[in-house]
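**Student:** build me a structure from this.
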Amino acid sequence: MDAAFRALSDPTRRDILRLLRDGPRTSGEIAQHFDAAWPTVSRHLAVLREAKLVASTRVGQQIVYELNMSVFEDVIEHLYSWLHPGGRRE
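**Tutor:** Model (predicted):
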């Protein structure tokens with residue numbers, strides 16, 4: 001959970017996650033949306049992957065990224081438990 005919160009703390013990584021809401025994208029398609037150098041975008045993608053917020057698949061020479069919704073659900077459940085200790089969301 002700590003890795004997910006650390007990953008979500010960065011605005012660029014949140015922007016990458018917003019891009020992936022519309023569906024999977026290659027690393028090149030993601031990088032085109034940012035002024036940052038490719039190694040910087042690559043590091044952001046690595047942090048998101050390590051936090052398991054995104055999944056990556058190699059397709060030929062490209063890497064395709066997509067949201068891992070199960071981790072988002074875990075984060076939401078965790079935050080919800082702060083609002084309602086001892087109770088689960090119905």
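
**Student:** centroid residue for this protein?
**Tutor:** L53 (3.8 Å; CA atoms, centre = their mean).

**Student:** contacts only, for that one.
**Tutor:** Counting by CB atoms under 8 Å, 6 or more residues apart in numbering, L53 touches A4, A7, L8, L17, L67, N68, V71, F72. For every residue, glycine as well, the C-beta is placed using N, CA and C.

**Student:** go again with 6 Å.
**Tutor:** A7, N68, V71 (CB atoms under 6 Å, 6 or more residues apart in numbering).

**Student:** you'd agree the first one is up against K52?
**Tutor:** This points to A7. No - the criterion here is CB atoms under 6 Å, and A7 misses it with K52 at 9.0 Å.

**Student:** in helices, which of the contacts of L53 appear?
**Tutor:** The members of the contacts of L53 that map onto helices under DSSP state H are A7, V71.

**Student:** packing partners of the helix or strand hosting P39?
**Tutor:** Element membership for P39 (DSSP states H and E) is helix 38-50. Applying 3 or more CB pairs under 6 Å, 6 or more residues apart in numbering; DSSP states H and E, we find helix 38-50 packed against helix 11-20.

**Student:** which SSE is immediately downstream of the helix it packs on?
**Tutor:** Per DSSP H and E, the helix or strand that comes after helix 11-20 is strand 25-26.

**Student:** which other residues reach the helix or strand following that following strand?
**Tutor:** Downstream of strand 25-26, the first helix or strand assigned by DSSP H and E is helix 27-31. Identification of contacts with helix 27-31 by CB under 6 Å, 6+ apart yields I16, W38, V41, I63.

**Student:** circling back to that earlier point, for the helix holding P39, which positions count as buried?
**Tutor:** The neighbour-count check on helix 38-50 (16 or more other CB atoms under 10 Å) flags V41, H44, L45, V47, L48, R49 as buried.

**Student:** looking at this structure, which helix or strand is least sure?
**Tutor:** Least confident helix or strand, the chain: helix 69-83 with a mean of 90, by mean pLDDT, DSSP states H and E.
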